[in-house]
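Participant: Pasting the sequence and the predicted model now:
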Amino acid sequence: MALSEIDRNLLERCLEQKPRAWEDFVDRFMGLVVHVVGHTAQAGSFRISAADRDDLTADVFLNIVKDDFAVLRHFRGQSSLATYLTVVARRIVVKALLRRKDTAQLTDAATQYVADFRGVHEEHVVQRDEVERLLSELEGIEATVVRMYHLEEKSYQEIGQAVGVAENSVGPILSRARGKLRRLNVNQAAG
């Protein structure tokens, strides 16, 4: 779906910081962001309170206005604004949920979700030395990509530029590396 004229106008008003533009933007997309927050938390089996939901929603909107609306300035209009914001919101929410310090509130399924995202089991995530040891089992670009993503918290775009691959190749590289690390953990636990 293409960018609608209504959203194009709203986007331009926000970027030009016209009066009431931000309020109109929030009014238009609040429901979408709240839905993405709830759906993302549910998909990862995170139990969040109403206050958590409000905080995560606020985080999304704060990230949108950060650096003079950098998120909106990066929008190229190749999809609807709602689709773009859904992707942006989901990424922000996933990062925020994974950064939570209080993992005691997480269900077992959420703990596995965290482990899968980080590529090692939870007990290894806690200790950077163990992560480094596991990374030593990877070679070349896989080790670099995992280190940059999980330890240096770089974005797919930053990683792609640093290692010379397309941004959309970073996810598959991470997935393959995580699979190798999981198999390595299973083999070591069995042996």
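Facilitator: Happy to help now that I have it.

Participant: I'd like to know which helix or strand in the chain has the lowest mean pLDDT.
Facilitator: helix 122-125 (a mean of 38; mean pLDDT, DSSP states H and E).

Participant: Below-threshold pLDDT in this structure: ranges please.
Facilitator: Applying pLDDT under 70 to the chain flags residues 1, 100-134, 185-191.

Participant: Swap in 50 and give it another go.
Facilitator: Within the chain, the stretches with pLDDT under 50 are 101-108, 119-127.

Participant: Mind jotting down where the helices sit in it?
Facilitator: With DSSP state H as the definition, the chain shows helices at residue ranges 5-15, 21-43, 50-73, 81-99, 108-118, 122-125, 128-135, 140-146, 156-163, 167-190.

Participant: Throw those into CSV and include mean neighbour count, thanks.
Facilitator: In this view, the C-beta of every residue, glycine as well, is placed from N, C-alpha and C. Converted to CSV, the helices of the chain look like this (neighbours: other C-beta atoms under 10 Å):
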stretch, mean neighbour count
helix 5-15, 15
helix 21-43, 16
helix 50-73, 15
helix 81-99, 18
helix 108-118, 16
helix 122-125, 15
helix 128-135, 14
helix 140-146, 18
helix 156-163, 16
helix 167-190, 14
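
Participant: contacting residues around the closest residue to Met30 other than its chain neighbours?
Facilitator: Once flanking residues are discounted, Met30 sits nearest to Thr57: 7.5 Å by C-beta to C-beta, 6 or more residues apart in numbering. Thr57 is in contact with Met30, Val33, Val34, Val37, counting by C-beta atoms under 8 Å, 6 or more residues apart in numbering.
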